[in-house]
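**Student:** model this:
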Amino acid sequence: MKIGITGAAGHLGGTICRSLIEKGYEVIAFVHNDIEALKYLPITIVRGDILDRDSLKGFISECDAVIHAAGAIELSYKFEQNTYDVNVIGTKNILEIAKEVSISKVVYISSVHVFRQKPYDISLDESRPFVSDDSIFYDQTKRDAHVLAQEAAKNGQEVVVVCPSAIIGPNDYKPSKLGKAIIDIYEGKFPALFKGGFDFVDVRDIADGTIAALEKGRSGETYILSGKYYSLKELSSFVFEAKGVKKSLIALPLTLAYAGLPFIKTLSFLSRKPPLYDRLYIDVLKDGNKVTSSTKAKEELGYSPRSLKETLHDTIHWLKSQQKI
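**Tutor:** Residues are numbered from 1 along each chain as shown. Coordinates of the predicted model:
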């Protein structure tokens, strides 16, 4: 069976390619530019752009099913044209062309952040309402694409949606923002951290959960693929443990982070370097549900996420093997 995957050169996309190969599937990778994460893999690589319907149709026509992992991540409260085009229009193109060429199934990779995170201490599952139009714009675009996928399923297409939480783990070639944070913590570049955290989940578990959704997921259904909530302080402790050192970073209150914004902006201006953090970064740390539920995925897909401690030990080992730390 030929499985096509968009965003194949990304952290998650590349890991899905590896998992598909291990499970005996033939993989067709749709990539835009960089292919470092796919070097030496026994796959077919098709270059194109999800906003170019001709190249997209040529790719999809060669597949039996498609996993749509491509996306643009630009965190802002303002409208971002490229983010909208890639995340919404790109998804619309894929769904329409998949229907046109009679693809057997599409799995769309959404995000747990399409759902309202509040109330933070009450379990967040697939029944939670979507975010509003005053949320981070990226979340809005993933929400709109998520709705397009649901509508396509209602209109007769075989479409399943999965919603990962904060993805972390090996095979992070670029690396991602979380990958960079792990490297910086490992190398001692953070004298302290802020309070707050995320529901972290291993990229390999998301890959396996996505493939399970392809194989067993019910059309029109959404499956949250989460791990467990950890504070940044707990994350750093696991990183130091994997490094083999005993160290603990101070966790500063978020009120102090907000108060320090003017200083951070001035320092960034004077040094001509990107700011260490901004208001949106603090808002994201603050707005995280601590009890995100993947019960539905566990029951229907056999989803089984591993511990963050195991993930970080494997990630540090992989970063060392790639000479990134």
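
**Student:** where do the helices sit along the stretch 101-250 of the chain?
**Tutor:** Per DSSP state H, counting those that start in this stretch, the stretch 101-250 of the chain carries helices over the ranges 137-154, 177-186, 203-216, 232-243.

**Student:** of those, which is nearest S294?
**Tutor:** Closest of the helices of the stretch 101-250 of the chain to S294 is helix 203-216, at 8.2 Å (criterion: C-beta to C-beta). The way it works is simple: take the backbone N, C-alpha and C, and place the C-beta from them, glycine included.

**Student:** so the residue nearest to G217 when sequence neighbours are not counted bridges to which residues?
**Tutor:** Closest residue to G217 apart from its sequence neighbours, by C-beta to C-beta, 6 or more residues apart in numbering: V160 at 3.7 Å. V160 forms beta bridges with V107, as assigned by DSSP bridges.

**Student:** give the burial count for V160, as a bare number.
**Tutor:** 25 (other C-beta atoms under 10 Å).

**Student:** wait, what's in contact with it?
**Tutor:** Residues in contact with V160 (C-beta atoms under 8 Å, 6 or more residues apart in numbering) are 105-108, 153, 213-214, 217-223.

**Student:** let's see it at 10 Å
**Tutor:** Neighbouring residues of V160 by C-beta atoms under 10 Å, 6 or more residues apart in numbering: 67, 105-108, 149, 153, 210, 212-223, 301.

**Student:** cool, and E74?
**Tutor:** E74 neighbours (C-beta under 10 Å, 6+ apart): 80-84, 86-87, 136-138, 141.

**Student:** could you single out the nearest of those to V201?
**Tutor:** The closest of these to V201 turns out to be Y138 (C-beta to C-beta; 18.1 Å).

**Student:** give me the buried subset of the contacts of V160.
**Tutor:** The neighbour-count test (16 or more other C-beta atoms under 10 Å) marks 67, 105-108, 149, 153, 210, 212-214, 217, 220-223, 301 as buried among the contacts of V160.

**Student:** still on that earlier bit, of the helices of the stretch 101-250 of the chain, flag the one that's most buried.
**Tutor:** helix 203-216 (a mean of 23; mean count of other C-beta atoms under 10 Å).

**Student:** next, the angle from that helix to helix 177-186.
**Tutor:** Relative orientation of helix 203-216 versus helix 177-186 (axes from the mean of the first three to the mean of the last three C-alpha atoms, to 10 degrees): 160 degrees.

**Student:** can you give me the mean pLDDT across helix 203-216?
**Tutor:** Averaged across helix 203-216, pLDDT comes to 98.

**Student:** re the thing from before, give me the pLDDT for the residue nearest to G217.
**Tutor:** pLDDT, read off for V160, is 98.

**Student:** with L75 instead?
**Tutor:** For L75, pLDDT reads 81.

**Student:** ok, T83 next?
**Tutor:** pLDDT, T83: 96.

**Student:** and it, its phi and psi?
**Tutor:** Torsion angles at T83 (phi, psi; degrees, to the nearest 10) stand at phi -60, psi -40.

**Student:** which residues touch it?
**Tutor:** Here T83 is in contact with 71-76, 137-138, 140-142 (C-beta under 10 Å, 6+ apart).

**Student:** recalculate using a threshold of 8 Å.
**Tutor:** Per C-beta under 8 Å, 6+ apart, neighbours of T83: 72-74, 76, 137-138, 141.
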